[in-house]
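*Asks:* structure of the sequence below:
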Amino acid sequence: MALEHFRIDDRLIHGQVVVGWGQPCGLGFVVLVDDAVVHSEWEQELYRMGVPPDMDLYFDSVESAARRLPDYRADRRPGMLLAGDIATMRALCASVPDITRVTIGGIHHKDGRSPRLRYVFLTPDEEASLRTLAAQGVEVVAQDVPGAPAIPLDEVLAGDGRG
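*Replies:* All right, here's what the predicted structure looks like:
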């Protein structure tokens, strides 16, 4: 099994990740990659409260996640690596060139972002970053829950927010 999911979700640990993905996929661990959260015990404690006791939660910076990725991949339990933004995932993919698939789980509205799907809003720079990932051989899809179809990046970028 091992580390199977590389996901971008700006809400980080929340019900959709823990219940929507954790239970159906049998996740044994989540790796939260965030250069600020890794240095904040207070924030880490808040995120720990959001996961069930049988699911391990690890906190890493981009640098430490890249270094520890072989250990996470060697773990026999299914796992998910979670980044809160495209820039973090792109930096990780630049450090670990064998990441082959990234799932956009939720990038929500804020100023400068346009709707692409009901749960994906992107700035032009974020769109360019996703295109760069895809050009580097990473399959980029959007998928809010495991039972929903994975939407290829080209369809995401062509979306108008209603899909």
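*Asks:* let me see the ranges of the strands in the protein.
*Replies:* All strands of the chain, identified by DSSP state E, fall at 3-9, 29-33, 56-60, 79-83, 101-106, 114-117, 120-122, 139-142, 151-152.
*Asks:* tell me which of these is the most buried.
*Replies:* For the strands of the chain, the stretch with the most neighbours on average is strand 79-83, a mean of 25; neighbours defined as mean count of other Cβ atoms under 10 Å. Using the backbone N, CA and C atoms, a C-beta is placed for each residue, glycine as well.
*Asks:* tell me which strands and helices it is in contact with?
*Replies:* Using 3 or more Cβ pairs under 8 Å, 6 or more residues apart in numbering; DSSP states H and E, the elements in contact with strand 79-83 are strand 3-9, strand 29-33, helix 62-74, helix 86-95.
*Asks:* got a list of contacts for it?
*Replies:* When contacts are defined by Cβ atoms under 8 Å, 6 or more residues apart in numbering, strand 79-83 is touched by residues 1-9, 12-13, 17, 21-22, 25, 27-34, 65, 72, 89, 92.
*Asks:* go with 7 Å
*Replies:* With contacts defined as Cβ atoms under 7 Å, 6 or more residues apart in numbering, strand 79-83 is touched by 2-9, 12, 17, 21, 27-33, 65, 72, 89, 92.
*Asks:* any idea how far residue 104 is from residue 72?
*Replies:* As for residue 104, its distance to residue 72 is 21 Å (criterion: Cβ to Cβ, to the nearest Å).
*Asks:* what does residue 56 give?
*Replies:* Using Cβ to Cβ, one gets 10 Å for the distance from residue 56 to residue 72.
*Asks:* repeat for residue 48
*Replies:* From residue 48 to residue 72 the distance is 18 Å (Cβ to Cβ).
*Asks:* which of the two has more neighbours?
*Replies:* Between residue 48 and residue 72, counted using other Cβ atoms under 10 Å, the more crowded position is residue 72 (18 against 14).
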